[in-house]
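J.: Sequence first, then the predicted structure, then my questions.
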Amino acid sequence: MIRPHVTPETPIDEQPTIGLIGMGAMGKMYAEYLSAAGWKKINVCDLPERFDSLKAAYKDVTGITVLRDGHHVSRTSDFIVYSVEAEFIDRVVAEYGPSTKVGAIVAGQTSVKAPERAAFEQHLPEDVHIVSCHSLHGPTVPAKGQPLVLIKHRAPDEALILVENILRSLQSRYVYMSYEEHDEVTANTQAVTHAAFLSMGTAWASAASYPWEHGYYVGGIETVKVNIMLRIFSNKWHVYAGLAILNPSARTQIKQYAQSTTDIFKLMLAADEKGLRKRMYEARDAVFGDAKSSIRRPILLSENVLDQFGLGKKETHASGNRPLANSHLSLLAMVDCWARLGLNPFKHLELAATPIFRMWFGVAEYLFRSEARLDAAIQAALYDVSHRYDDVEFVVASRGWSQCVSFGSFELYQSRFQETAAFFESRFEEAGRVGSEMLKVIMDSS
Ligand SMILES: NC(=O)C1=CN([C@@H]2O[C@H](COP(=O)(O)OP(=O)(O)OC[C@H]3O[C@@H](n4cnc5c(N)ncnc54)[C@H](OP(=O)(O)O)[C@@H]3O)[C@@H](O)[C@H]2O)C=CC1
Ligand SMILES: O=C(O)C(=O)Cc1ccc(O)cc1
């Protein structure tokens, strides 16, 4: 029987036992929030070979018991969260799922839900419930106020209430979706946004150029490009590979992003001012057309606030205090891509935006909702050939990432990702710190 109305103050013998399988970045984050809130029966495990080190790491933490493997966790827990690689979810649930305690509730933290759903349906016994979850932020972002997706898939209402009561410790904002809605939304927000930043990183690494040492990429919205690119490449490659390769909708969005990039670049090469302007204005009207009548405050009101988070020294135009002109190909292509896919990013912004998507949308909005800024980017794209070298690298990189995702090869994805990550590794620590402050300031102000 499920007793849904529990809190960390409930007497210990009436508290549910919480099970966490997979103690990587996300499993640890959940363990820490739940134990800090006062839940007293949290059973955790990672792979059996990590049992001793994990036990040593948690020996003084109240409420957390380290067990040898997922069988022990599954047999003893009332609410179990799998926080393992999406690529392995089938294998892991096949192994431990049959050991799930009768009447328990099972969730997964995977960023893409189609394989998780299939694994749960195939391997979990009929007498356990499925209420899944997904924290829409990375492990270094404070969970408070961030969206936390809850998916009541195969469960009575009391099971959902119990999950809500347990996860309240994170102080996140619940967003209720079905498995299908989840994958559609995350393809539209995360997968395509990551494609833009992965392409930036690979383009800069291919050009053997650190963007913070280059006048084009220091200050203002360039700071967002560099800091978020570094943030993504300092995270685990499998997180991005999984949510792009295993989500069928993501492939379409990423392909369109590469197509938009290529189409715009062709217009640039042809110096087709009329064509480029028409295409960009149409994209702007499709995506931001309704924005004028909205009462929502733009995410980014001024670029100046971003300068303090730069990794390099800001250079300005020889003729004054203006930043160097940039085509902003990555942003022109992003808005064009949203328009061509018929997406409404505003809807996602309100419902289920990750901090990175919110930031990227804010930058796109900042560029496109000012005619002067958009025209400056179009002019630079058409007539200022000094950033062509980087733009061509960007086109090649975005095509490469799109192909890699459509081939569905985790191995290829890992090699591409790690090769680029190695180029930037020396700045990850600093970028993580500065990037977190940047996200905080912009999130708090919006
Ligand atoms: N990092 C992020 O920003 C976010 C990630 N997610 C999702 O959460 C999940 C976990 O991600 P994250 O924590 O970052 O990844 P990590 O790689 O840090 O953690 C996954 C952990 O699960 C372990 N594991 C694999 N197989 C088993 C098994 N059979 N039994 C027990 N443990 C096992 C892994 O071991 P090993 O490394 O040896 O394989 C690893 O320690 C992923 O599906 C990801 O998509 C969701 C939101 C944000
Ligand atoms: O915010 C982003 O897009 C990130 O890169 C962090 C992240 C990665 C995977 C998730 O499932 C959720 C958040």
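T.: Thanks, I have the structure now. Ligands and ions are numbered 1, 2, ... in the order given.

J.: Can you tell me, leaving aside adjacent residues, what's nearest to the closest residue to ligand 1 within the stretch 301-446 of the chain?
T.: Residue of the stretch 301-446 of the chain nearest ligand 1, by Cβ to the nearest ligand atom: residue 354 (8.4 Å). C-betas here are computed from N, CA, C, even on glycine. Nearest residue to residue 354 in three dimensions, chain neighbours excluded: residue 136, at 4.7 Å (Cβ to Cβ, 6 or more residues apart in numbering).

J.: for residue 173, same thing?
T.: Residue 173's closest residue in space is residue 147 (Cβ to Cβ, 6+ apart), at 5.4 Å.

J.: Contacts only, for the one you found.
T.: 135, 136, 137, 172, 173, 175, 351, 352, 353, 354 (Cβ atoms under 8 Å, 6 or more residues apart in numbering).

J.: among those, which ones are buried?
T.: Using 16 or more other Cβ atoms under 10 Å as the burial test, the contacts of residue 147 include 135, 136, 137, 172, 175, 351, 352, 353, 354 as buried.

J.: my guess is the fourth one contacts residue 141, does it?
T.: To tie it back to what came earlier, the one meant is residue 172. No. Using Cβ atoms under 8 Å, residue 172 makes no contact with residue 141, being 10.5 Å away.

J.: Remind me which helix or strand residue 174 belongs to.
T.: Per DSSP states H and E, residue 174 falls inside strand 173-176.

J.: ditto for residue 153
T.: strand 147-154.

J.: downstream neighbour of that strand in the secondary structure list?
T.: Following strand 147-154 toward the C-terminus (DSSP H and E): helix 157-167.

J.: could I have that next one exported to CSV, CA atoms only?
T.: The C-alpha atoms that make up helix 157-167 are tabulated as CSV, following Å, rounded to 0.1, in the frame of the first residue of the first chain:
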residue,chain,number,x,y,z
ASP,A,157,-2.6,9.1,-8.3
GLU,A,158,-1.1,8.2,-4.8
ALA,A,159,2.1,7.1,-6.4
LEU,A,160,2.5,10.5,-8.1
ILE,A,161,1.7,12.3,-4.8
LEU,A,162,4.4,10.3,-3.0
VAL,A,163,7.0,11.1,-5.7
GLU,A,164,6.0,14.8,-5.5
ASN,A,165,6.4,14.7,-1.7
ILE,A,166,9.8,13.0,-1.9
LEU,A,167,11.2,15.2,-4.6
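
J.: about what we covered before: what's the distance between the next helix or strand after the strand holding residue 174 and the middle of its chain?
T.: Sequence order places helix 179-186 as the next helix or strand after strand 173-176, per DSSP H and E. On the basis of Cα atoms, centre = their mean, to the nearest Å, helix 179-186 sits 14 Å off its chain's mean C-alpha point.

J.: And for stretch 279-286?
T.: 26 Å.

J.: same check, this time on stretch 281-299
T.: 23 Å.

J.: what about it, start to end distance?
T.: 21 Å (Cα to Cα, to the nearest Å).

J.: does residue 103 sit in a helix, a strand or a coil?
T.: coil (DSSP: H, G, I helix; E, B strand; the rest coil).

J.: Ligand 1 contacts on this structure?
T.: 21-27, 45-47, 70, 83-86, 88, 92, 109-111, 135, 138-139, 235-236, 239, 242 (Cβ under 6 Å from any ligand atom).

J.: hmm, back to that, out of the buried ones among the contacts of residue 147, which sit inside helices?
T.: Of the buried ones among the contacts of residue 147, the ones assigned to helices by DSSP state H are 351, 352.

J.: quick revisit: so what sits against both of residue 172 and residue 141?
T.: With Cβ under 8 Å, 6+ apart as the test, residue 172 and residue 141 reach no residue in common.

J.: which residues touch residue 132?
T.: Here residue 132 is in contact with 106, 107, 108, 113, 116, 117, 120, 149, 150, 151, 153, 179 (Cβ under 8 Å, 6+ apart).

J.: what about 7 Å?
T.: Applying Cβ atoms under 7 Å, 6 or more residues apart in numbering, one finds that residue 132 lies in contact with 107, 108, 113, 116, 151, 153.

J.: correct me, but the second one touches residue 117?
T.: No. Residue 108 lies out of contact with residue 117 (Cβ atoms under 7 Å); the separation is 8.6 Å.

J.: These two: who's more crowded?
T.: Shown here are residue 108 and residue 117; by other Cβ atoms under 10 Å, residue 108 has more neighbours (28 against 23).

J.: Contacts only, for that one.
T.: 82, 89, 116, 132.

J.: sorry, back to before: out of the residues of the chain next to ligand 1, which are buried?
T.: 21-24, 26-27, 45-46, 70, 83-86, 88, 92, 109-111, 135, 138-139, 235, 239, 242.
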